[in-house]
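>>> here is my input; please provide its structure:
(chains A, B, C, D and E)
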Amino acid sequence: MTPTNSVPKAVPDQSVELDPDAMEGPGYGITDREAIKQARQQTQTLGQRPGALMVKEGALPPRLFLISYDESTLTEAEYQNYDDLWASFQSHPELKHWIDVRGYGDIGLMERLRDDFDLHPLQMEDVLGDFQRAKVDIFGDNRLFLVSRMTDFTSDLEIDDDQLSLFTGPNYVLSFQDDYEDCLDSLRARLRSNFSQMKRKSSLYLAYALTDVVIDHYFPTMAAIGDYIEGLEERIFSERRERRMLNRILRIKKDIVRFRRLVYPERDKISEILRMPEEVMPDEIKLFFKDAYDHAMQALDLAESYRENITSLTELFLSDQSNRMNEVMKVLTIISAIFIPLSFVAGVYGMNFQREAPPAGPNPLNMPELYQPWGYPAVLGLMALMVVGQLFYFWRKGWLSKQR
Amino acid sequence: MTPTNSVPKAVPDQSVELDPDAMEGPGYGITDREAIKQARQQTQTLGQRPGALMVKEGALPPRLFLISYDESTLTEAEYQNYDDLWASFQSHPELKHWIDVRGYGDIGLMERLRDDFDLHPLQMEDVLGDFQRAKVDIFGDNRLFLVSRMTDFTSDLEIDDDQLSLFTGPNYVLSFQDDYEDCLDSLRARLRSNFSQMKRKSSLYLAYALTDVVIDHYFPTMAAIGDYIEGLEERIFSERRERRMLNRILRIKKDIVRFRRLVYPERDKISEILRMPEEVMPDEIKLFFKDAYDHAMQALDLAESYRENITSLTELFLSDQSNRMNEVMKVLTIISAIFIPLSFVAGVYGMNFQREAPPAGPNPLNMPELYQPWGYPAVLGLMALMVVGQLFYFWRKGWLSKQR
Amino acid sequence: MTPTNSVPKAVPDQSVELDPDAMEGPGYGITDREAIKQARQQTQTLGQRPGALMVKEGALPPRLFLISYDESTLTEAEYQNYDDLWASFQSHPELKHWIDVRGYGDIGLMERLRDDFDLHPLQMEDVLGDFQRAKVDIFGDNRLFLVSRMTDFTSDLEIDDDQLSLFTGPNYVLSFQDDYEDCLDSLRARLRSNFSQMKRKSSLYLAYALTDVVIDHYFPTMAAIGDYIEGLEERIFSERRERRMLNRILRIKKDIVRFRRLVYPERDKISEILRMPEEVMPDEIKLFFKDAYDHAMQALDLAESYRENITSLTELFLSDQSNRMNEVMKVLTIISAIFIPLSFVAGVYGMNFQREAPPAGPNPLNMPELYQPWGYPAVLGLMALMVVGQLFYFWRKGWLSKQR
Amino acid sequence: MTPTNSVPKAVPDQSVELDPDAMEGPGYGITDREAIKQARQQTQTLGQRPGALMVKEGALPPRLFLISYDESTLTEAEYQNYDDLWASFQSHPELKHWIDVRGYGDIGLMERLRDDFDLHPLQMEDVLGDFQRAKVDIFGDNRLFLVSRMTDFTSDLEIDDDQLSLFTGPNYVLSFQDDYEDCLDSLRARLRSNFSQMKRKSSLYLAYALTDVVIDHYFPTMAAIGDYIEGLEERIFSERRERRMLNRILRIKKDIVRFRRLVYPERDKISEILRMPEEVMPDEIKLFFKDAYDHAMQALDLAESYRENITSLTELFLSDQSNRMNEVMKVLTIISAIFIPLSFVAGVYGMNFQREAPPAGPNPLNMPELYQPWGYPAVLGLMALMVVGQLFYFWRKGWLSKQR
Amino acid sequence: MTPTNSVPKAVPDQSVELDPDAMEGPGYGITDREAIKQARQQTQTLGQRPGALMVKEGALPPRLFLISYDESTLTEAEYQNYDDLWASFQSHPELKHWIDVRGYGDIGLMERLRDDFDLHPLQMEDVLGDFQRAKVDIFGDNRLFLVSRMTDFTSDLEIDDDQLSLFTGPNYVLSFQDDYEDCLDSLRARLRSNFSQMKRKSSLYLAYALTDVVIDHYFPTMAAIGDYIEGLEERIFSERRERRMLNRILRIKKDIVRFRRLVYPERDKISEILRMPEEVMPDEIKLFFKDAYDHAMQALDLAESYRENITSLTELFLSDQSNRMNEVMKVLTIISAIFIPLSFVAGVYGMNFQREAPPAGPNPLNMPELYQPWGYPAVLGLMALMVVGQLFYFWRKGWLSKQR
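From the prediction side, this is the model:
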């Protein structure tokens, strides 16, 4: 037994540095590539027997953590060896345990876990498949299989989501995730604290606490998206830099749509838990899940708000685009309307009608203006008047001021 | 015991002075900043134990009010000291009490209230969190925990919402709000009046009355939004001032969306109350809640109406924008269509074809018009004819009159 | 007792003379001013005790009508004095009575009616408030409180709606409305007729008959709106008169939306009646309400049809707007494309390159065309050719014919 | 008794010859004139007693058909006289009968039918009203009143719908329709065939069969609409003929919307039948109605498909419209961009700056180009170069090729 | 008995080679021609007796396969003769059988199958009709009739769907499909494997496994569509090749809509199976169907994702289209704005005002500039200045750089 003490940060660093120009890469980020990736990966498992375990390429080698506690004690260790963990778990039936498996890269270990903890092959397939929507199943002797999806907002404006799979047992929770990093450190810190009421409660409470932490982590994602939307709104009217503005708007819309698709099943899952009979889910714990339900609803409310905002920003952008064309047209119209008539006047006095047509005698009606001493200044004055008149007309129409 | 008599206005001043140009500030007000703020604040509470009490920065120090009454008497006081209030409350079990806590800035007091009145930590967290959707929970011995959201329409076109949390007990209602100002003064005035039937009814009726006042205050918000929409409609076609018109429209749309999101849970809450069993909610009180339900439905009906109107205004604005471009195009087209052909005619007679090419003899076909005595007047006449023809064509097409 | 016989028309005159240009006034009629008015009026009642009776400003003084009948007799009278009516009503318990109160302008009378007929204060408040959605409540001893909304399509394209409130009793129906005019005359005429089966049936049938007449009057409203839509469709493409076309379309859309909002609750009300137990609503009467339900559904079907039509008309209008701009552009393009090249040719031959540069000798390459005897006619011919070529090109592109 | 044997075609001719230019008439066909007509007609029946029978203007005189059959025999006749039919029906209680009434133009006959077959006045009113949505009512002794709507796609692109009303009895089905022509001939042919299992089954099966034939006739309507949509798609990009394209699209959309509005109630009707208790609707017949339900669902699926297609076609049309404007703009821009600079160059060399200003001596800087021997050819060359440069620029931008 | 061993590929080749320009054919592919085809085919069956078997034109002659197995053995054969198959099936009641019928082209055989396996005529009609939505029916002695729709994404961007109809019996599954090729080979391979647990389970498990394979094959379809969408996104902004871009987008949208319409009924079918009583569907098998349900939900989630993406791409395309017009306008405006004023200046100095009007003496105010030694260079300089000024103005407006 080789417990190694890791001391995680109590509150993870959630601030995401968003480079507003991060998206200038080759892709446009509007299609939901995660969804397409999922379709491709599910295609690869085609023809497998239902319940067959398959490790995805690039899966990390599993790390095994065990936290064993009761009201007064807590031991916490990482095990290099599953047998050691199993022995430790078996030898303390009086304690509550959280067996925390991170990484799926060892098919043999996965099968042993499945068999030792009496899990259904289909459930284990859901764990490793890593594409399961949030859900809850009752199995065996009123045990629960819970799937949550943890979200993260990455610096390139994508929502990254990982699966957290939980199996409850009489005195333990068995959790699976495919990454070493997670958002559960704050929960571990709370467990370690001497005054944690969590230690007094049943293992179902631990399952609740894990679900709750996942839901609470939806808010940093939402906050980061909100920050970005706020930034978009500020820049939507900026004079010069509107490159790919709609692209950005649609990109963040995709994230919100994706977020909703992840969180709606979570809400439905908890709603199903709240309808479970007392023997599966005691009322005392349900009270807590009711709280988690409220939080999921708040996250969804936020997502709906954002979605409406995105719609408004899109409308505004398109109207602004139309406005800009309008302005181009106005410049063209003003310049044309001023100079084309002037050119015409100049053209008239560039005509070559002859006053003296030698054989036929003088033609005094042919452009007498050209021979007046004030002819040229008068024409220039006429032109100036025309310009002033036009400018007045356009000013009264409000075309000379910027209107948006 | 230091009762201080405050004499609130019977009817609060609800008229909002809306500066139509109030929004010229840096922001555009289209994103729902309250929602983003909520996401940020919820992010900050990350890692807290469920049920942990946390006072938000800037929370006001609590003020404590107690109104004790029965059919014939009423005493009303503000207490500087919670012990005094508790003593007064405990010593009159025969009276009904409304304990009114305003401001959350004292965590110790909040914990004492939680413990003295036997509240669940999660409920108390909902109270202080201040972001809870309207809801109702049954707890303890058929007691109710009710959350309402009070709305206000501020002068900068935002909907400001505050949370009113109520706990009912056998002979009391305990209310929490985070502000000193509220919309409940009219209710207090009614309580004080000698003929108030409220004093004869149970404390559940008081809970109803508080909920009802909150719902009734949705209408001033709706009226203010309605006034603004009416103003928008009048100005949408005005010749000169359309700066940021769409911006204004979308801003008010955001408010309506926000309003709906606040009021829908309120309606669902009351609908849940109406389905409660007789022992929790007597039929006599349900009759009143049914009335409150009708009012909530009316408020939602109004919001739906407004939303449709906003959609129509947006369509109208976009069509008007398109119309304005059309008009710019028409001006350009009319001027170009008139003067470009004229310039061509002038250009023709500005050509230098020579009648006398000295070595080769006369070229009588080269521009003989230039040598006619009536050449110039004839060309001018031709030009005038062209202008008249064009103007007639455009007039018949209806381009010369303004069309919208 | 002063019965005054009024002889109403059997079929009210429903034809609405719609002036197609009626809307040229200052307002645009797109916002639902009735809704805004409602919000404002509800704001004014703020702070009132639930159930408090308040007479709206401008309410008409009540007129009292009583129709008493059984299978063989019918007496009908207007009473100047409530005591007379009450005496007459009380002295004939063997008859069925319809007490018809029009106008709310006497608060004392309203309170007497409330107390004499044992109505709930909240119900009476709903009656006088005049903004109640259609609904049905069971109260007292299986009595019903029914609210319907009567619609009218006014000549300025607005839907005017009034509230009809009914209370049923063992042998009477008590009806309230705030106007002297109503749409119930045809029902009165049927009652008066000797062969009316209505007289044989219970007072619940009278309540049904009143509800049914209200629903039947939705169709003239729908017919008038339909006529207007038909007119809009005919004029949408007319060459000259499209002023405020979209405005008209959106205005009528607002009416349809309003209509739906009025009628949906009516349908839900009847659906609730159909689910009532036999002791409240006998199956025999339910059969008739089922028929009324079908009619309400037909009215809603019509409204949905109209709504789709309005959407199509809007799309068509916007496309037509775009088409008109296209046509403006084509005129500009055709004229520019023809004359700008011609002007260029003229400009070339207006250049002053000198054939004879005195000191340097002749420059025979400088514009020899100018000295050819056929120079001018040749250039004119070239220009004519260019025009013909361009016209052919545009004709082949189909730009010369009108396309919509 | 004067049976006249009519020998209807086994499979009706469903092919509709659609003239693609059929719609060039005065109307635009976008509004649902059937709906408006319905509103107008319902307005005319205003003030009628519920259940009053009223024959619509232009109703055809009734024709009466009776088919009587059992497993082995079948007699089929048209009766000129209702008494004969009634006698024949009464005298054969051991047979099953289909009494087929076509045309409502005889109010007395309708009342006799109502009384003889013990129908409810409201039902009879629904029959004659001819505007009833598809529905099913149970009445009397587990008898059924079924309304179906038969659709037809007319050659002027309208959906024509007629009502088929059925009353079931122990050994008969009584059917009403307002037209002599119907879509039931194939059913009659099946009945006449010796091997028809229909003859062995109960009269409820006949009611099913009639309903099923109506539903099956939705498909020819859908096929005709589909053909038209296919044609629209092919012509949407055609170079020349796009007159009123959007008009056509919206017109067919109206038909699809109308179709859905007709068929949704049909589906709900059958769904209600499937939930009826065994004593009203035996399971054996339900199995067949389940099949009809599947067909109704398929028809609705098709309608949804078409609706999506129409939306896509509309988007495509609008984008194409925008593209065409784009092309107009390109032509204008290319021509202007080429010739305006050229004209400028020509204009420069048309200036009259004097090389020799007599009193002041020579001005050698004034337009020396005009005096070079190669001046004119050089300028022409420069112009040619400019044209080539511009064309290259536009070619690289892809403006010279058609892009859609 | 002539068993022929076919050795299908374990994993079918799902990679679809999509030629991005495949759609340049005559059609535009936006309308759902499969739906129109269905309407046409259903029209042809008009007038048929419900339950009548009709073989569609072009139906393939049936091929008959039988796989018989228990835990330890498996025999697999194709039969040329139905009698042989039936004999073999009958003689092994202790084995489980999968009777696999491919091709419907022999009406007699279909009738024998219907009669031998005791199928309802309506079900058999559904099988041959080949247009049945996914559904499940319970019939006979708790037997199931299951319809699934298998999808395929063809190389010309169409979703091809085939029907798989299953009948379960005590020890067999009878499957029908109209094609020889299917997506079930992987299942056959699994059956053949020695370790297959499928062989141990009941025949209901085989029905599950068939349904599951069909659902799993939705993912390759989704992956292919996803690939295409990804390609579309990359090319939407490409400079030159945007021909029929919207066409492509709408085409793939049609596929997604079609896919959803196929898969929603599948989900509902499984949901119905999950609600079946234990005696029809044992809980053990339900667990597997629950897994299939999750997969169907995932497929629908993907489809929703794609649909949102398509909407975003459409918006982006339309905005880009508008942008391109904007750019055309800018080129026109810049060139016009620069050269039209220049031409005017040139025009001014092309006027012929005479300095010396012989009889009247010198007119020194007439265009003295023309006689200055620096006149021409000064005017050229002025023109250059104007150009620089304009370019600076446009550069500052950001019109000279490309903005999208």
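>>> can you give me the helices for the stretch 151-300 of chain A?
All helices of the stretch 151-300 of chain A, identified by DSSP state H, counting those that start in this stretch, fall at A:185-192, A:203-216, A:218-235, A:245-274, A:283-348.
>>> what residues of stretch A:178-197 count as buried?
Of the residues in stretch A:178-197, those buried by neighbour count under the rule 16 or more other Cβ atoms under 10 Å in any protein chain shown are A:178, A:182-192, A:196. In this view, the C-beta of every residue, glycine as well, is placed from N, C-alpha and C.
>>> same question for stretch A:32-41.
Of the residues in stretch A:32-41, those buried under the neighbour-count criterion (16+ other Cβ under 10 Å) are A:D32, A:R33, A:E34, A:A35, A:I36, A:Q38, A:A39, A:R40, A:Q41.
>>> the first one touches E:E304, doesn't it?
Spelled out, it's A:D32. No - here A:D32 does not reach E:E304: they are 9.8 Å apart, not a contact under Cβ atoms under 8 Å.
>>> quick one on the thing from earlier: show me which of the buried residues of stretch A:32-41 neighbour chain E.
Among the buried residues of stretch A:32-41, the ones lying close to chain E by the criterion of Cβ under 8 Å from any Cβ of the partner chain are A:D32, A:R33, A:A35, A:I36, A:Q38, A:A39, A:R40.
>>> what about those, which are in helices?
When DSSP state H is applied, these are split such that A:R33, A:A35, A:I36, A:Q38, A:A39, A:R40 fall in helices.
>>> show me the contacts for the second one.
I take that to be A:A35. Under the criterion of Cβ atoms under 8 Å, 6 or more residues apart in numbering or on different chains, the neighbours of A:A35 are A:R258, E:G226, E:D301, E:L302, E:S305, E:Y306.
>>> what sits up against whichever helix or strand A:D100 is part of?
For A:D100, the host element (DSSP states H and E) is strand A:96-102. Applying Cβ under 8 Å, 6+ apart, the contact partners of strand A:96-102 are A:60, A:62-70, A:85, A:89, A:113, A:171-180, A:182, A:191, A:199, A:202-203, A:206.
>>> could you tell me the angle between it and helix A:203-216?
For strand A:96-102 against helix A:203-216, the angle between stretch directions is 40 degrees (axes from the mean of the first three to the mean of the last three Cα atoms, to 10 degrees).
>>> just checking, what packs against the helix or strand following strand A:96-102?
Scanning forward in sequence from strand A:96-102 by DSSP H and E, the next helix or strand is helix A:107-116. The contact analysis (3 or more Cβ pairs under 8 Å, 6 or more residues apart in numbering or on different chains; DSSP states H and E) places helix A:107-116 against helix A:82-90, helix A:121-129.
>>> which one of those helices is the most hemmed in?
helix A:121-129 (a mean of 22; mean count of other Cβ atoms under 10 Å in any protein chain shown).
>>> alpha carbons of that one, as CSV, please.
Once non-C-alpha atoms are left out, helix A:121-129 reads as follows in CSV (Å, rounded to 0.1, in the frame of the first residue of the first chain):
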residue,chain,number,x,y,z
PRO,A,121,-21.7,-4.6,-18.9
LEU,A,122,-24.0,-2.0,-20.6
GLN,A,123,-23.3,0.4,-17.8
MET,A,124,-19.6,-0.2,-18.1
GLU,A,125,-19.8,0.4,-21.8
ASP,A,126,-21.5,3.7,-21.1
VAL,A,127,-18.7,4.6,-18.8
LEU,A,128,-15.9,3.9,-21.3
GLY,A,129,-17.9,5.2,-24.3
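>>> what pLDDT, on average, does it get?
Model confidence over helix A:121-129 averages 90 on the pLDDT scale.
>>> do the same with stretch A:204-212
Stretch A:204-212 shows a mean pLDDT of 94 in the predicted model.
>>> same check on stretch A:264-283?
Predicted confidence along stretch A:264-283 averages 94 (mean pLDDT).
>>> please apply the same query to stretch A:100-107.
Mean pLDDT, computed over stretch A:100-107, is 92.
>>> and the end-to-end length of that stretch?
For stretch A:100-107, the first and last residues are 16 Å from each other (Cα to Cα, to the nearest Å).
>>> before we move on, what about stretch A:206-225?
Across its full length, stretch A:206-225 reaches 30 Å end to end, with Cα to Cα as the criterion.
>>> any residue of that stretch touching chain E?
No - taking Cβ under 8 Å from any Cβ as the criterion, stretch A:206-225 and chain E are apart, separated by no less than 15.8 Å.
>>> anything in that stretch near chain B?
Yes - Stretch A:206-225 reaches chain B (Cβ under 8 Å from any Cβ) through A:A209, A:D212, A:V213, A:D216, A:H217, A:F219, A:P220, A:M222, A:A223, A:I225.
>>> what sits against the last one?
I take that to be A:I225. Applying Cβ under 8 Å, 6+ apart to A:I225 gives the contacts A:F153, A:I252, A:D255, A:I256, A:F259, A:Y306, B:A39.
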